[in-house]
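Pasted the sequence and its predicted model underneath.
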Amino acid sequence: MLTIPCDSRNLAHRAARAFLDCVELRANIHITLKKTIPVGAGLGGGSSNAAAVLLALYRLFHASISKDTLYRLAAQLGADVPFFLTGGCMYGTGIGDKLEELPPVLTNEYVVVVAPPIHISTAWAYAKLKIPLTNIQKNTNLKHFFLRGDGHAQWRRSLVNDFEGAIFNAFPVLKAIKKKLYDLGAIYASLTGTGSAVFGVFAHKDLAANGVTYFQVHYPAFLSRPVRFGLHEIDAQEREEGWMVR
């Protein structure tokens, strides 16, 4: 079982230290982590913790730093931490830290996440990733794909996680979970990055709830909805309360 470090190795701790160093402030910060997102499941739990700490300190101290600086601090903590500062639907380039907002891809859908107790090393997954060279040009521009609004029918055919080949071979139970999500009515299902969680998108709540009920007999599983919280909401509240952050 994976354990969560409670010292300077923890991303929340590192985020607080990075922020305080940046604004040249000394303060005693007490952070309590109540983990709901499964650890080591490829769901960005640690990165979202780090972003939450940055956002909290940014507001609590009315920090006189630019949002660009805040994003720079986030990127130093992890490639996906900047995303969690904003949330929503983002198109990421670079190492994933260069973000461009897209119209919401998921609006009224429900997401079932299944997280079996399997640990997959990210380094191992990348070492196993083999994308063959080919003379056939087959490029998919994700941004344009979603902007076209092709709908759910195209997702299963066009959105592919290249890690699934090697990981499903090594952990066939994950492949079986994905198949079962489709059997239960998911309109799209995939491995979460390098795993080990698998998620399914459902158009109807009753189907999604049934999926959670089925999987909870075997593995941790939960029902979720797309949410948005980040600098956009803080900006709105700043204006409402009459104070601004540079």
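Cool, the structure landed.

Select the longest helix from the protein.
As assigned by DSSP state H, the longest helix anywhere in the chain is helix 45-60.

what comes up buried for that helix?
By neighbour count with 16 or more other C-beta atoms under 10 Å, helix 45-60 contains the buried residues 45-58. Where you see a C-beta, it was placed from the backbone N, CA and C, and this is true even at glycine.

how about the nearest residue to Val23 once chain neighbours are set aside, secondary structure?
Leaving aside its chain neighbours, Val23 sits nearest to Ala63 (5.2 Å; criterion: C-beta to C-beta, 6 or more residues apart in numbering). Under DSSP: H, G, I helix; E, B strand; the rest coil, the three-state class of Ala63 is coil.

Check which residues of stretch 97-107 are buried.
Residues of stretch 97-107 classed as buried by neighbour count (16+ other C-beta under 10 Å): Asp97, Leu99, Val105.

And the contacts of that stretch?
With C-beta atoms under 8 Å, 6 or more residues apart in numbering as the test, stretch 97-107 has contacts from 71, 74-75, 79-83, 86, 88-93, 143, 146-147, 201, 226.

could you redo the last one with a cut-off of 7 Å?
Stretch 97-107 has contacts (C-beta atoms under 7 Å, 6 or more residues apart in numbering) with 75, 79, 82-83, 86, 88-92, 143, 146-147, 201, 226.

And for stretch 116-133?
The contact list for stretch 116-133 (C-beta under 7 Å, 6+ apart) reads Leu2, Gly40, Asp162, Phe163, Ala166, Ile167, Phe171, Val173, Thr194, Gly195, Ser196, Tyr219.

Can you mark which positions in it are buried?
In terms of neighbour count (16+ other C-beta under 10 Å), stretch 116-133 has its buried residues at Pro116, Ile118, Ile120, Ala125, Lys128.

secondary structure element for the fourth one?
By that I understand Ala125. In this structure, Ala125 sits in helix 122-128 according to DSSP states H and E.

how far out from the middle of the chain is that helix?
Relative to its chain's centre, helix 122-128 lies at 19 Å (C-alpha atoms, centre = their mean, to the nearest Å).

Check stretch 193-201 too.
Taking mean C-alpha positions (C-alpha atoms, centre = their mean), stretch 193-201 and its chain are 11 Å apart.

Next, the buried residues of that stretch.
When neighbours are counted by 16+ other C-beta under 10 Å, the buried residues of stretch 193-201 are found to be Gly193, Thr194, Gly195, Ser196, Ala197, Val198, Phe199, Gly200, Val201.

Max pairwise distance over these: which two?
Pairwise distances across these peak at 19.4 Å for Thr194 and Val201 (criterion: C-beta to C-beta).

so where do the strands sit in the protein?
90-93, 98-101, 110-114, 188-191, 198-202, 221-224 (DSSP state E).

Show me which residues of stretch 9-21 are buried.
Residues of stretch 9-21 classed as buried by neighbour count (16+ other C-beta under 10 Å): Asn10, Leu11, Ala12, His13, Arg14, Ala15, Ala16, Ala18, Phe19, Leu20.

burial measure for the nearest residue to Val227 once chain neighbours are set aside, as a count.
Sequence neighbours aside, Gly87 is the residue nearest to Val227 in space, at 6.8 Å (criterion: C-beta to C-beta, 6+ apart). When neighbours are counted by other C-beta atoms under 10 Å, Gly87 registers 17.

same question, Asp206
Neighbour tally, Asp206, other C-beta under 10 Å: 10.

Check the spacing between it and Val173 real quick.
Applying C-beta to C-beta, to the nearest Å, the value for Asp206 to Val173 is 26 Å.
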